[in-house]
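In: The sequence and its predicted three-dimensional model are supplied below.
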Amino acid sequence: MVVEDDPAFLTRFCAIVACDPELGLFAAVGDIASARQAMSTATPDVLLADLGLPDGSGIDLIRETARRHPDMDIMVITVFGDEEHVLASIEAGATGYILKDSLPQQFLDLIKQMRAGGSPISPIIARQLLKRLRPRGPAAVGLSEEPPLSVRESEILSFIAKGFSFGEIAGLLGISQHTVVSHVKKIYQKLAVHSRGEAVYEAGKMGLI
């Protein structure tokens, strides 16, 4: 589902999705109220949401959707590439973040990457996040004698932060994708999060990656 209030951009995004036979358009709406109504009867696999909407902030829609539908992949499509908007979106539950001026093929590739378990974020924005989340001191983890995450969990989370999908991580580590998913579920539980983006953000704040 696409939520975008600019008619030109909404038409463009719909056309991009329509040109790929592997994807289907669930709904295309211009405000939060219409998005809620569309999701009241069925649930899409992917939500593409703008941040500046006429009846509220897209971040509120992301937060609400992530809470009600934790399995849904949520990608921000926006002109805002600043740190404040990116971090707020990730904290709300966004899985990916892409700027509106990206090429059509980039949109399609990132949607598919997200569905495969990745957390696609514009490289420029990713560098900003990693710089912001880098711990400033050696005692960032806290007073706990044992690290919150195991060595394997930390390794998997580092790959997730770099944008690798679950399948790619499984290949790199020589384990099954099912094992990767099991580790990710444990990571979510330990960090009290519900999405890949949230996990990366919280782990960065704690100095775990």
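Out: Looks like it came in fine. Numbering: from 1, shown residues only.

In: helices and strands of this structure: which one has the lowest mean pLDDT?
Out: Ranked by mean pLDDT, DSSP states H and E, the weakest helix or strand in the chain is helix 123-133, scoring a mean of 62.

In: And the next helix or strand past that helix?
Out: Sequence-wise, the next helix or strand downstream of helix 123-133 (DSSP states H and E) is helix 151-161.

In: Going by neighbour count, which residues of that following helix are buried?
Out: Across helix 151-161, burial judged by 16 or more other C-beta atoms under 10 Å covers Glu153, Ser154, Glu155, Ile156, Leu157, Phe159, Ile160, Ala161. Yep, even glycine has a C-beta here, placed from its N, CA and C like the rest.

In: Could you break the protein into its assigned domains?
Out: 2-131, 136-206 (automatic domain parsing).

In: buried stuff in stretch 110-119?
Out: For stretch 110-119, by 16+ other C-beta under 10 Å, it's Leu110, Ile111, Lys112, Gln113, Met114, Gly117, Gly118, Ser119.

In: got JSON lines for these, with distance to Gly197, secondary structure and pLDDT too?
Out: Formatted as JSON lines, those follow (distance: C-beta to C-beta, whole Å; DSSP: H, G, I helix; E, B strand; the rest coil; pLDDT from 0 to 100):
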{"residue": "Leu110", "distance to Gly197": "13", "secondary structure": "helix", "pLDDT": "84"}
{"residue": "Ile111", "distance to Gly197": "15", "secondary structure": "helix", "pLDDT": "88"}
{"residue": "Lys112", "distance to Gly197": "17", "secondary structure": "helix", "pLDDT": "86"}
{"residue": "Gln113", "distance to Gly197": "13", "secondary structure": "helix", "pLDDT": "82"}
{"residue": "Met114", "distance to Gly197": "10", "secondary structure": "helix", "pLDDT": "84"}
{"residue": "Gly117", "distance to Gly197": "12", "secondary structure": "coil", "pLDDT": "78"}
{"residue": "Gly118", "distance to Gly197": "11", "secondary structure": "coil", "pLDDT": "73"}
{"residue": "Ser119", "distance to Gly197": "6", "secondary structure": "coil", "pLDDT": "73"}
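
In: just these now: which is nearest Thr78?
Out: Nearest to Thr78 among these is Leu110, at 13.6 Å by C-beta to C-beta.

In: circling back to that earlier point, possible to save the buried residues of helix 151-161 as a markdown table with pLDDT and distance to Met72?
Out: Shown next, in a markdown table, are the buried residues of helix 151-161 (pLDDT from 0 to 100; distance: C-beta to C-beta, whole Å):
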| residue | pLDDT | distance to Met72 |
| --- | --- | --- |
| Glu153 | 91 | 24 |
| Ser154 | 89 | 26 |
| Glu155 | 90 | 27 |
| Ile156 | 91 | 21 |
| Leu157 | 88 | 21 |
| Phe159 | 88 | 22 |
| Ile160 | 84 | 17 |
| Ala161 | 82 | 21 |
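
In: How many residues are close by Ile169?
Out: Using other C-beta atoms under 10 Å, Ile169 has 25 other residues around it.

In: Ok, Ser102 next?
Out: Neighbour count of Ser102, defined by other C-beta under 10 Å: 14.
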